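Peer 1: from the sequence below, what's the structure:
(chains A, B, C and D, ligands or ions: 2)
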Amino acid sequence: MTGFDVEAIRKDFPILSRTMAGDRPLVYLDSANTSQKPRQVVEAIERHYLEHNANVARAMHQLGAEASEAFELGRDKVAAFIGAPRREEVVFTKNASEALNLVARVLGDGGRVGAGDEVVVTQMEHHSNLVPWQLLAQRTGADLRWYGVTPEGRLDLDSHTLTERTKVVAVTWVSNMLGTINPVAEIVRRAHEVGALVVIDASQAVPQLPVDVAALGADFVAFTGHKMVGPTGIGVLWGRYDLLAELPPFLGGGEMIETVSMERTTFAAPPHRFEAGTPPIAQSVGLGAAVDYLTDLGMENVAAHEQQITAYALSAMNELPGVTIVGPKEPVDRGGAISFTIDGVHPHDVAQLLDSQGVAVRAGHHCAKPLHQCFGVQSTTRASFYLYTTEAEIDALVAGIRHTQSYFGA
Amino acid sequence: MTGFDVEAIRKDFPILSRTMAGDRPLVYLDSANTSQKPRQVVEAIERHYLEHNANVARAMHQLGAEASEAFELGRDKVAAFIGAPRREEVVFTKNASEALNLVARVLGDGGRVGAGDEVVVTQMEHHSNLVPWQLLAQRTGADLRWYGVTPEGRLDLDSHTLTERTKVVAVTWVSNMLGTINPVAEIVRRAHEVGALVVIDASQAVPQLPVDVAALGADFVAFTGHKMVGPTGIGVLWGRYDLLAELPPFLGGGEMIETVSMERTTFAAPPHRFEAGTPPIAQSVGLGAAVDYLTDLGMENVAAHEQQITAYALSAMNELPGVTIVGPKEPVDRGGAISFTIDGVHPHDVAQLLDSQGVAVRAGHHCAKPLHQCFGVQSTTRASFYLYTTEAEIDALVAGIRHTQSYFGA
Amino acid sequence: MNASNVDALYQEIILDHYKHPHGAGLREPFGAEVHHVNPTCGDEITLRVHLEGSRVADVSYDSVGCSISQASASVLNDLVVGKDVDDALTTLNAFQELMQGRGQVEPDEDVLEDGIAFAGVAQFPARVKCALLSWMAWKDAVAQASAKEDS
Amino acid sequence: MNASNVDALYQEIILDHYKHPHGAGLREPFGAEVHHVNPTCGDEITLRVHLEGSRVADVSYDSVGCSISQASASVLNDLVVGKDVDDALTTLNAFQELMQGRGQVEPDEDVLEDGIAFAGVAQFPARVKCALLSWMAWKDAVAQASAKEDS
Ligand SMILES: Cc1ncc(COP(=O)(O)O)c(C=O)c1O
Ligand SMILES: Cc1ncc(COP(=O)(O)O)c(C=O)c1O
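Peer 2: Numbering: from 1, shown residues only, chains lettered A, B, ... in the order given. Ligands and ions are numbered 1, 2, ... in the order given. I've put the predicted structure just below:
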């Protein structure tokens, strides 16, 4: 029993009533890739554009005041949603990837990471929390190291030892491929013990779990609007204020300045220092509406629903002959992304056959190529769930997998 | 006479029918800051979210195919709109500022600009085309130089001489403060003569003028969706394909890779190399609808309308005692941004009084602080026009200025 | 927000201070000098504070800005010069609270005197920064001057 | 796109080639070897070309990928080995045109033989890359091998 009525919720998402191939209803099991949007979010964006649109900060007319207030209200809502001690700690970016790149760039430019220093990631990072650190290591001469992954798909915290040389530990909270929920509190403890900064990729966590960045104790947390019933084109970097205030800007231009001459520029305080150019105004309004939507449901309820649907799916899929789940097989410390392989059928072909049944899943390396390598597979098929997912949809997935096996004679 | 019916067009923009302070109709004269959005654009975004939303590139299900097609169609439309020889030359960013920062970063990282080299800008740049080059110069040890501005508000091409040391010339096409249209073809000629790359900030040009990047001959062109009846959260960098193909990536993560291991990564071809993370999907759909809207009107007509309304405004404002236009006073090689001062009344107070009459203008340095310094003013008031601006609105501006003068006894 | 609100913003008292600012100009001696900028609009102030023990002996300033920011510097001068630093800081808090109260805070004339004329500004979020520019500069300068006195 | 389209995609011929690929494995001698990747899904192919004068003497390959990409490599092998390079490139163009034709191009069986079975793929934009992976690798390898022959 979850704390909300899934059938009622589904009415907020018109796309879920679409009819797909062969007149089958859409079974959308690709929410870890991007979530669907409720009417409430889309209408908030529409209303903003058609009634209150103006540029922000710079305009002192009434529309400008309305737009600025709407934009900054989005920031307030996000700050409250993640328990940020200060609203100025919420920096809007274009997506989670930009947020992570921003941190990597300014830690390098700001001298926090240099030659001989060590940056530690894990083998289960999304490319967006791996490539920025590779690029930083290349630019600065720092060494990139990583925690490995156990055969069960858990982080192996014994596989690497942090030292005084470690300046940054960048870790995903929830793996987008394995579903694994990592022990972030323990990682924060170990990193801070050696004086390293902690960057958490919370792209898969914030949409599904109650998050309190103050309690978490990390230094930076990144996530993305489109995975949490919000719009594309907006991401969030939360950072400890004193760190944001210390670090140099990332992009130049627009309202990130204090004063400018041809020769040199001084920069505004956070968050504006890190928001060059016209920010994602309508997207902040949309993300604010998304946060309201999630808060109305209650993040405890969202998390409980994900737990329940994941347990249901795992128990059904563990039973299927010829199907191997890559990642934790029990619904413990685990989010709702289930990656799997089917003997004798390539993941592309699995996804294609499921799609012909109306079941939308993802096939490929899910931007986690090194992690696939760990498990000796080149790609997997992934089903992922969200607050609108029903047990009937899991049943459709299971039926689709059976059909796929028989289609390919596997 | 312009080639379209302004009154009919205004019906597409519901916000223009709003009633503001004192029951006065909104007179929106801040389009150089951001343009208003027609219903067609907002509805395209809404339809996309509610019917076709999915992530792109990575998904092979039907929704994913629909979303990918819609997203890439936005790119096709933008490419056609600016006459790009190849669609792969259109890189989506979050705004014009990111596009300009992207170029500055990768030219440095790619070794195209180094210590002792020269980067040339102008005194009339928006901060977004100045600060990124200052930061590049600081990072690399290159020298930043600039063309000055004449008292009439024209670029002084004799004020600086390009040499073999000049590696980049970055110039705004149309000044957002003065309205000046710069001789970009001549600048391209001079720059290419010494082997320098040319970066054009077309943020104020693409919304108002027919643009053909192939004919222009520049190497990079940047502009922004929200100023051309499109959504916030999307900008465009057009770049010559061979240059884009040569340059290193800007941000890492997501679909900008070719193959990834823990140690190193190889990168995708343009444009994907420069689009890390989930791109502005719904915003590309919206920008595509914006480009359709402008194309239906005809950019020649849009430009002619701007010419006509600017000429009307200039002749009215040139007559006003105590009012000084900062920038070209004749409607020749000039866009529709008119910055001005009123003797004895601070620009803030001008904007505030105009706002109380329903007239929305901008006051401040318009992100062009060094340019204000050239003219010995700390700030100005700016009125700016677009395809929906009427002569009656200019009359309201003039009446508002008169009222302001009498209110402050100036 | 309507036309009458603009009159609430531009009260007679504010326009008077704007046209005839009290204590304008930079003077010696001073314990600290600061330069503050409103990044959005470019308004600037250079402000000096001279303390004598715990008393604000002088506040002098040179500013470029709109009527609201200029008038506010003039009222600041009236309200803090001659006062004990702690009392002046209490006044600052009251002024700041009024400005950030979105029109919901009732100003206390005994504390704010002419400053109550700024009540209308609180309804114009874009102008709140104008009204606070000189006060924030003063707060900064006092902190620096006090630190110097103490050391 | 409906269920019957999936059958159009997974034609019997394609599934046969998938299960029994022609010419699979890496062989010597070869003039050029390339490695191509489909970045979206991670499918990979290592492919070698051996030219004898202007004749494609052998195409050998090792690939990991879906049914479409594997079957396509097998059909490629059938269609180009033994042919003159120019003729083989003409075949490639015909195949590429079919793939990118969004289902609007009528395939010529005389040119494409078993390749016409891929007509259904053109209706699945996400799979077009799968079908073209080996062909693009082959084009690349031929260019490299020809350059070597010429020098
Ligand atoms: C000339 C010019 N360049 C750059 C920009 C920056 O555009 P954006 O704020 O969308 O990044 C603007 C608009 O503010 C502009 O007018
Ligand atoms: C764990 C993780 N990190 C980062 C990202 C990147 O998010 P975005 O594509 O919005 O930048 C994703 C989603 O693709 C993700 O799942």
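Peer 1: what's the average pLDDT for the helix or strand where A:T259 lies?
Peer 2: Per DSSP states H and E: A:T259 is located in strand A:257-260. Across strand A:257-260, pLDDT averages out at 89.
Peer 1: and it, anywhere near chain B?
Peer 2: Yes - contact of strand A:257-260 with chain B (Cβ under 8 Å from any Cβ of the partner chain) involves A:257, A:259-260. (Glycine included, C-beta is placed from N, CA and C.)
Peer 1: with adjacent residues omitted, what lies nearest to whatever residue of chain C ends up closest to chain B?
Peer 2: Closest contact between chain C and chain B, by Cβ to the nearest Cβ, is at C:C66 (3.5 Å). Spatial nearest neighbour of C:C66, chain neighbours left out: B:H348 (3.5 Å); criterion: Cβ to Cβ, 6 or more residues apart in numbering or on different chains.
Peer 1: from what I see, the residue of chain C closest to chain B and C:E44 are in contact.
Peer 2: No - using Cβ atoms under 8 Å as the test, C:C66 is too far from C:E44 to be in contact (11.5 Å).
Peer 1: sorry, back to before: most neighbours out of the residues of strand A:257-260 next to chain B, which is it?
Peer 2: With neighbours defined as other Cβ atoms under 10 Å in any protein chain shown, the most crowded of the residues of strand A:257-260 next to chain B is A:V260; it has 27 neighbours.
Peer 1: number of nearby residues for the spatially closest residue to that residue that is not a sequence neighbour?
Peer 2: Spatial nearest neighbour of A:V260, excluding adjacent residues (Cβ to Cβ, 6+ apart): B:K369 at 4.4 Å. The local packing of B:K369 (other Cβ under 10 Å) involves 23 other residues.
Peer 1: and B:K369, what does it touch?
Peer 2: B:K369 makes contacts with A:257, A:259-261, B:127, C:42, as judged by Cβ atoms under 8 Å, 6 or more residues apart in numbering or on different chains.
Peer 1: and the residue of chain C found nearest ligand 1, which of the three is it?
Peer 2: Nearest residue of chain C to ligand 1: C:T40, at 13.0 Å (Cβ to the nearest ligand atom). Here C:T40 is coil, with the state taken from DSSP: H, G, I helix; E, B strand; the rest coil.
Peer 1: now do the contacts for it.
Peer 2: A:57-58, A:255, B:364, C:126, C:129.
Peer 1: report the buried members of these.
Peer 2: A:57-58, A:255, B:364, C:126, C:129 (16 or more other Cβ atoms under 10 Å in any protein chain shown).
Peer 1: now those residues as JSON lines including distance to A:A84 and secondary structure?
Peer 2: What follows is the buried ones among the contacts of C:T40, written out as JSON lines (distance: Cβ to Cβ, whole Å; DSSP: H, G, I helix; E, B strand; the rest coil):
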{"residue": "A:A57", "distance to A:A84": "20", "secondary structure": "coil"}
{"residue": "A:R58", "distance to A:A84": "25", "secondary structure": "coil"}
{"residue": "A:E255", "distance to A:A84": "21", "secondary structure": "helix"}
{"residue": "B:G364", "distance to A:A84": "29", "secondary structure": "strand"}
{"residue": "C:A126", "distance to A:A84": "25", "secondary structure": "helix"}
{"residue": "C:K129", "distance to A:A84": "23", "secondary structure": "helix"}
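Peer 1: is any part of the worst-scoring helix or strand of chain A on mean pLDDT close to ligand 1?
Peer 2: Ranked by mean pLDDT, DSSP states H and E, the weakest helix or strand in chain A is strand A:257-260, scoring a mean of 89. No - using Cβ under 6 Å from any ligand atom, strand A:257-260 stays clear of ligand 1, coming no nearer than 12.5 Å.
Peer 1: that strand packs against which elements?
Peer 2: strand A:265-267, helix B:369-374 (3 or more Cβ pairs under 8 Å, 6 or more residues apart in numbering or on different chains; DSSP states H and E).
Peer 1: at 6 Å what do you get?
Peer 2: Counting contacts by 3 or more Cβ pairs under 6 Å, 6 or more residues apart in numbering or on different chains; DSSP states H and E, strand A:257-260 is packed against strand A:265-267.
Peer 1: how about residues contacting the strand it packs on?
Peer 2: A:249, A:257-259, A:273, B:131, B:134 (Cβ atoms under 6 Å, 6 or more residues apart in numbering or on different chains).
Peer 1: can you check stretch A:295-303 too?
Peer 2: A:2-4, A:208-210, A:387.
Peer 1: kindly report the same for stretch C:138-151.
Peer 2: C:31-32, C:34, C:47, C:49, C:51, C:76.
Peer 1: buried residues in it, which are they?
Peer 2: C:138-142, C:145-146.
Peer 1: likewise stretch A:106-121?
Peer 2: For stretch A:106-121, by 16+ other Cβ under 10 Å, it's A:106-109, A:112-113, A:117-121.
Peer 1: then stretch A:238-254?
Peer 2: A:238-240, A:243-244, A:247-254.
Peer 1: pLDDT averaged over it, what's the number?
Peer 2: 97.
Peer 1: and A:H366, how far from B:V78?
Peer 2: 29 Å (Cβ to Cβ, to the nearest Å).
Peer 1: what's the answer for A:G277, then?
Peer 2: 18 Å.
Peer 1: C:D87 too?
Peer 2: 61 Å.
Peer 1: residues near residue 83, how many?
Peer 2: Picking chain A for this. 14.
Peer 1: not what I meant, chain C
Peer 2: With other Cβ under 10 Å as criterion, C:K83 counts 15.
Peer 1: the closest residue to it other than its chain neighbours - how many residues pack around it?
Peer 2: Distances taken as Cβ to Cβ, 6+ apart place C:V56 nearest to C:K83, at 5.5 Å, with adjacent residues excluded. When neighbours are defined as other Cβ under 10 Å, C:V56 has 23 of them.
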